[in-house]
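> just coords:
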Ligand SMILES: O=C(O)CCC(=O)C(=O)O
Ligand SMILES: [Fe+2]
């Protein structure tokens, strides 16, 4: 039987998944070289610290977020069950298009020459239809856990968004008018990276930025996420491994926050490497605006000396550009010093 690219029962790495001759595994810094901020949400200096972390790193860990470990354990165990299903069962809910809901690879995978050591499942809206196909006799526990997690994580998302907007100088009144998509429509990406006999030859997820305002990432405690750190006092540009600390979430700043902050906040490039012994599970929750809202640099941040660096863009427009242009999507809406939008036919 031919191997499905997401059936990872391989004895050795097939050529289709072998990245070893490519340039994707550059230098990774030893653990501890430059540290990703850990932010306590009850810190009296929260706003200042979050602002610094968004500017300097575009990624940080949060503690004291108020989400019960029990919900996280349940999410982990439901995800484990989902990815442990036989591949034929998972293919019953296969995605039919890049960004749609369902089982499959990540939307930008056509831009990479090899398959990633990864399988994903995207939930948009209710997981009910899919869950009924996956577990005809008992679909309710999966749905209940996902709904409960979404509710908890959505209010955390708002709390973070609020703090970040304060750090950009907005006031409460302005923040209350910021349009955020209803939690019932927001997407969650569930990811599994099976253990791999030869992890140095594969890549769990290729380098990318997330597209929304911010991503809240749950992980099952197996490390693998790395962020691209720009040159600084500690060293040259390098991949830095995000530590796994029980019950802390990883927050990534996405493209739309970079646009909203007129380029001040860093939409961090990240990737995932794979473990020899343990399956990594992660779940990303992508906070974003409603589909018809144009996101543009905050007027507060624009002044006589600083014009807008990006033209307004909606979330679906940005996603379409990412599918087509991958890492050059933001260049297509960039405004240069003379106020011109770059010619995207040249990208
Ligand atoms: O699995 C991870 O740690 C990262 C996943 C990710 O970057 C994504 O889903 O966008
Ligand atoms: Fe990501």
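All right, it came through fine. Everything numeric here is computed off the predicted structure, so don't read it as measured data. Numbering: from 1, shown residues only. Ligands and ions are numbered 1, 2, ... in the order given.
> quick one: low-confidence parts of this structure?
The model of the chain has pLDDT under 70 over residues 1-7, 23-34, 98, 343-347.
> which residues in it form strands?
38-40, 59-63, 102-104, 119-124, 187-193, 205-208, 214-219, 225-229, 238-241, 249-253, 270-272, 280-287 (DSSP state E).
> is it possible to get JSON lines of the ones you listed that adds distance to ligand 1 and mean neighbour count?
(Glycine included, C-beta is placed from N, CA and C.) Below are those laid out as JSON lines (distance: least, C-beta to the nearest ligand atom, whole Å; neighbours: other C-beta atoms under 10 Å):
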{"stretch": "strand 38-40", "distance to ligand 1": "17", "mean neighbour count": "17"}
{"stretch": "strand 59-63", "distance to ligand 1": "10", "mean neighbour count": "21"}
{"stretch": "strand 102-104", "distance to ligand 1": "13", "mean neighbour count": "21"}
{"stretch": "strand 119-124", "distance to ligand 1": "7", "mean neighbour count": "21"}
{"stretch": "strand 187-193", "distance to ligand 1": "4", "mean neighbour count": "22"}
{"stretch": "strand 205-208", "distance to ligand 1": "6", "mean neighbour count": "21"}
{"stretch": "strand 214-219", "distance to ligand 1": "6", "mean neighbour count": "23"}
{"stretch": "strand 225-229", "distance to ligand 1": "4", "mean neighbour count": "21"}
{"stretch": "strand 238-241", "distance to ligand 1": "11", "mean neighbour count": "20"}
{"stretch": "strand 249-253", "distance to ligand 1": "7", "mean neighbour count": "25"}
{"stretch": "strand 270-272", "distance to ligand 1": "5", "mean neighbour count": "22"}
{"stretch": "strand 280-287", "distance to ligand 1": "3", "mean neighbour count": "23"}
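> dump those strands to CSV, plus distance to residue 164.
Shown next, in CSV, are these (distance: least, C-beta to C-beta, whole Å):
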stretch, distance to residue 164
strand 38-40, 11
strand 59-63, 11
strand 102-104, 31
strand 119-124, 24
strand 187-193, 20
strand 205-208, 21
strand 214-219, 7
strand 225-229, 18
strand 238-241, 21
strand 249-253, 8
strand 270-272, 18
strand 280-287, 10
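> ends of stretch 112-120, how far apart?
End-to-end distance of stretch 112-120: 16 Å, with C-alpha to C-alpha, to the nearest Å as the criterion.
> and if you look at stretch 247-263?
For stretch 247-263, the end-to-end distance is 31 Å (C-alpha to C-alpha).
> what comes up buried for that stretch?
248-263 (16 or more other C-beta atoms under 10 Å).
> which positions in the stretch 201-347 of the chain make contact with ligand 1?
205, 210, 217, 219, 225, 270, 272, 282, 284 (C-beta under 6 Å from any ligand atom).
> if we go to 5 Å?
225, 272, 282, 284 (C-beta under 5 Å from any ligand atom).
> then the stretch 51-200 of the chain?
Residues of the stretch 51-200 of the chain lying near ligand 1 (C-beta under 5 Å from any ligand atom): 189, 191.
> how about the helices in the stretch 51-200 of the chain?
69-84, 87-91, 128-134, 140-167, 172-176 (DSSP state H, counting those that start in this stretch).
> could I get those as CSV with mean neighbour count?
CSV is the format used below for the helices of the stretch 51-200 of the chain (neighbours: other C-beta atoms under 10 Å):
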stretch, mean neighbour count
helix 69-84, 17
helix 87-91, 15
helix 128-134, 17
helix 140-167, 18
helix 172-176, 11
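> nearest to residue 16 among the buried residues of stretch 247-263?
Nearest to residue 16 out of the buried residues of stretch 247-263 is residue 252 (C-beta to C-beta; 28.3 Å).
> contacting residues around the closest one?
58, 59, 210, 214, 215, 217, 268, 270, 284 (C-beta atoms under 8 Å, 6 or more residues apart in numbering).
> doesn't residue 188 make contact with the last one?
Right, residue 284. Yes: contact criterion C-beta atoms under 8 Å: residue 284 and residue 188 qualify, at 6.8 Å.
> what do those two both touch?
By C-beta under 8 Å, 6+ apart, no residue touches both residue 284 and residue 188.
> count of neighbours near residue 197?
Residues lying near residue 197 (other C-beta atoms under 10 Å) number 12.
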